[in-house]
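[1] Quick one, structure for this:
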Amino acid sequence: MNYAFVIDNRRCIGCHACSTACKAENSVPLGVHRTWVKYVEKGAFPHTRRYFQVTRCNHCAKPPCVPICPTSAMFQRADGIVEFDSEACIGCKACLQACPYDAIHIDPESGTAAKCHFCAHRTEVGLEPACVVVCPVHAILAGDMDDPGSEVARTISIERVSVRKPEQGTRPKLFYIEAEESALLPMLAAQDSGHLWGEQPASGAGGVEDWRGPIQIAEGRMAGALLRSAAAPRETYNVAHRIPWHWQVPAYLVTKAAGAGLLMLAAAGTRLGLLPASPLFLTFAPALALLLMAVTTGLLIWDLDRPERFWKILARPQWRSWLTRGAVVLIAFAAVSSLLWFANFTGRAGLARALTWPGVALGALAAVYTAFLFAQAEGRDLWQSPLLSTHLLVQSVMAGAASFLLIGPFSGLEAEAARTIAVVFAASLVTDLLLTAAGEFGLPHASAVAATAARMITRGRYARHYWGSLAGGILLPLSIAALGRSSPAALAVAGALALAGLFSYEWAFVFAPQQIPNS
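    The predicted structure is shown next:
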């Protein structure tokens, strides 16, 4: 058994009966949608056409939302339906990032993930989904693809059907007959025009509202929403999707990078004889690394929509998820940091030596595991960069060195050790600059979605964060480290600027891809 949907765009009249029936059947709250109808308009008057596209979960054969879920709250049934368990969901929103179709939302009442689940409660007793039953023109078909006698299987076999984003490799099972390409691909329809019924009329002279309606005649032969005209296809009705991850995520990337970098530099530096075996590197650095990882964990829990359920990531782990693996890495890092502090504080040199390289390895893993998590977030193409793991490791070394320089004037950092750390700091800044400017944003991107997010970072909404991070967070600290390497105060300023620049960069890198719509 392998359930699938077919949408016949030749019949759909855009009546929204399906989305209304879905809300009623599944008690979907206002403001979110499991099923919705997207409108795209093309042409110039009088040769115009409006295209309707029923949009919902694709119940992919290879759903990316399933492996990224840390608690198996999102799972795939044997009959092909991608279902969710709201009782297991912790509100991490990773499934929203993984879905290339914007088909998942957070229920504002439960704080857990929700989406179309093929009306499983009806399907299990032999009934069709509510949207199929209510459609007045029989434009929605649902059934078993593996049953050659089913209407769905027959239709797919004889009609030319399309799916959304086949290049993602998810093998969607929501098929469209005579689909409009500009409706299937969000990047093809202009999204800067006013939506039908989606905003209040603009205020006219003297603050009097213009009640002529949303569709008005603009210059030439074009009809534009709120006096805006567009020659290209444009989206005129869709539903909004919230940005899943907030400021806590770029902050977590900085605190994690600094904590991991501190331990790696201190442990490796003292073991190799590059740094003195002083209390700063033997005891204070592991303690500070532990504190930063505690802050990192707190930030991750803070960004959950159900933070009181954070413990479920360990109580019922789903081991394919890099959220689960990352939680284990952070716990192991914290344990080794604690033991390393204890060994050095109590003078157990043998234990400290035994823990040195495991601590360095766990620090590197803590620094880079987010690259694998971002790779599972298949709905954000910019995060799929093959350079990301290397970039995160370099950023961690830089953040660790910057932290040492920042606390140097207050912690008795010796001059020779400061010079060694300053060299590491400068080298990591140069490498970071090359990976950022020449790598992440200098090389061609694999998709139009990734390229659009990159343009938003370098030339659009987040340009000041990006260029500020390069100028104020890399070039300026590099200059200070080169010219003022003998001044602890100057090096402390350089370290502070580098950490601020890293946060500015991560802010752009985390938020820009989330601004690109997938539906």
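[2] how about the helices in the stretch 401-519 of the chain?
    415-433, 448-458, 463-470, 476-483, 488-515 (DSSP state H, counting those that start in this stretch).
[3] Residue ranges of each domain in this protein, please.
    3-188, 248-515 (automatic domain parsing).
[4] Near the nearest residue to residue 428 once chain neighbours are set aside, how many other residues are there?
    Closest residue to residue 428 apart from its sequence neighbours, by CB to CB, 6 or more residues apart in numbering: residue 398 at 3.7 Å. Backbone N, C-alpha and C define where each C-beta goes, glycine included. By other CB atoms under 10 Å, the residues close to residue 398 number 30.
[5] From residue 384, how far out is residue 398?
    Distance, residue 398 to residue 384, using CB to CB, to the nearest Å: 23 Å.
[6] Likewise for residue 476?
    Separation of residue 476 from residue 384 (CB to CB): 31 Å.
[7] Now do the helices in the stretch 51-200 of the chain.
    Assigned by DSSP H, counting those that start in this stretch, the helices in the stretch 51-200 of the chain fall at 65-68, 94-98, 120-123, 130-134, 151-158, 181-184.
[8] Let me know the secondary structure of residue 246.
    coil (DSSP: H, G, I helix; E, B strand; the rest coil).
[9] thinking it is in contact with residue 303, fair?
    Yes - the pair residue 246 / residue 303 is scored as a contact, 5.8 Å apart, by CB atoms under 8 Å.
[10] Got the phi and psi for the residue nearest to residue 428?
    When read as degrees, to the nearest 10, the backbone of residue 398 gives phi -60, psi -40.
[11] So for stretch 163-183, mean pLDDT?
    Averaging pLDDT along stretch 163-183 yields 93.
[12] ok, residues contacting it?
    2-10, 38, 40, 42, 51, 53, 56-64, 80, 100-101, 145, 155-156, 159-162, 184-185, 188-189, 233, 378, 447 (CB atoms under 8 Å, 6 or more residues apart in numbering).
[13] Please, a ChimeraX command that selects the buried ones among these?
    Only the buried members of these enter the following ChimeraX selection, criterion being 16 or more other CB atoms under 10 Å:
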select :2,3,4,5,6,7,8,9,38,40,42,51,53,56,57,58,59,60,61,63,64,80,100,101,145,155,156,161,162,184,188,189,233,378
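[14] Residue 469 against residue 501, yeah?
    Yes - Residue 469 is within contact range of residue 501, at 4.3 Å (criterion: CB under 8 Å).
[15] now the strands for the chain?
    In the chain, the strands defined using DSSP state E lie at 3-8, 36-44, 47-55, 74-76, 82-84, 105-106, 113-114, 140-144, 161-162, 174-177, 215-217, 223-225, 234-237.
[16] since we're on residue 362, how many residues are nearby?
    By other CB under 10 Å, 24 other residues sit near residue 362.
[17] Do I have it right that it meets residue 334?
    No - using CB under 8 Å, residue 362 is not in contact with residue 334; the gap is 9.2 Å.
[18] burial of residue 301, as a residue count?
    The number of residues packed near residue 301 is 17, by other CB under 10 Å.
[19] Also residue 357?
    Here the count is done by other CB under 10 Å, and residue 357 has 12 residues near it.
[20] For it, list the residues it contacts.
    Contacts for residue 357 (CB under 8 Å, 6+ apart) come out as 267, 271.
[21] Kindly provide the distance from residue 60 to residue 510.
    As defined by CB to CB, residue 60 lies at a distance of 25 Å from residue 510.
[22] With the flanking residues excluded, which residue is spatially nearest to the residue nearest the centre of the chain?
    Geometric centre of the chain, nearest residue: residue 97, 4.4 Å, by CA atoms, centre = their mean. Spatially, and ignoring its direct neighbours in sequence, residue 97 is nearest to residue 377 (3.8 Å; CB to CB, 6+ apart).
[23] Return the residues in contact with that neighbour.
    Going by CB under 8 Å, 6+ apart, the list of residues near residue 377 reads 68, 94, 97-98, 383.
[24] What distance do you get for it to residue 518?
    Counting by CB to CB - residue 377 and residue 518 are separated by 11 Å.
[25] And for residue 412?
    Counting by CB to CB, the gap from residue 412 to residue 518 is 52 Å.
[26] So which residues make contact with stretch 413-423?
    Stretch 413-423 is contacted by residues 265, 269, 274-276, 278, 280-281, 401, 404-405, 407-408, 481, 485-486, 488, 491 when judged by CB under 8 Å, 6+ apart.
[27] can you pull the contacts of residue 322?
    Counting by CB under 8 Å, 6+ apart, residue 322 makes contact with 68, 369-370, 372-373, 375-376.
[28] does the closest residue to residue 128 other than its chain neighbours have beta-bridge partners, and which?
    Among residues not flanking residue 128 along the chain, residue 142 sits closest, at 5.7 Å (CB to CB, 6+ apart). Note on residue 142: beta-bridge partners residue 5, judged by DSSP bridges.
[29] what about residue 142, how many neighbours?
    Residue 142 has 20 neighbouring residues, counting by other CB under 10 Å.
[30] Check the gap between it and residue 179 for me.
    17 Å.
[31] Same question for residue 382.
    Distance of residue 382 to residue 179, given as CB to CB: 26 Å.
[32] C-alpha coordinates for stretch 332-345, PDB please?
    C-alpha atoms of stretch 332-345 as PDB (Å, rounded to 0.1, in the frame of the first residue of the first chain):
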ATOM      1  CA  ALA A 332      30.300  14.200  26.000                       C
ATOM      2  CA  PHE A 333      32.200  17.500  25.600                       C
ATOM      3  CA  ALA A 334      30.900  18.800  28.900                       C
ATOM      4  CA  ALA A 335      31.800  15.500  30.600                       C
ATOM      5  CA  VAL A 336      35.400  15.500  29.300                       C
ATOM      6  CA  SER A 337      35.800  19.300  30.000                       C
ATOM      7  CA  SER A 338      34.700  18.600  33.600                       C
ATOM      8  CA  LEU A 339      37.100  15.700  34.000                       C
ATOM      9  CA  LEU A 340      39.900  17.600  32.500                       C
ATOM     10  CA  TRP A 341      39.400  20.500  34.900                       C
ATOM     11  CA  PHE A 342      39.200  18.000  37.800                       C
ATOM     12  CA  ALA A 343      42.400  16.200  36.700                       C
ATOM     13  CA  ASN A 344      44.400  19.400  36.400                       C
ATOM     14  CA  PHE A 345      42.900  21.000  39.500                       C
END
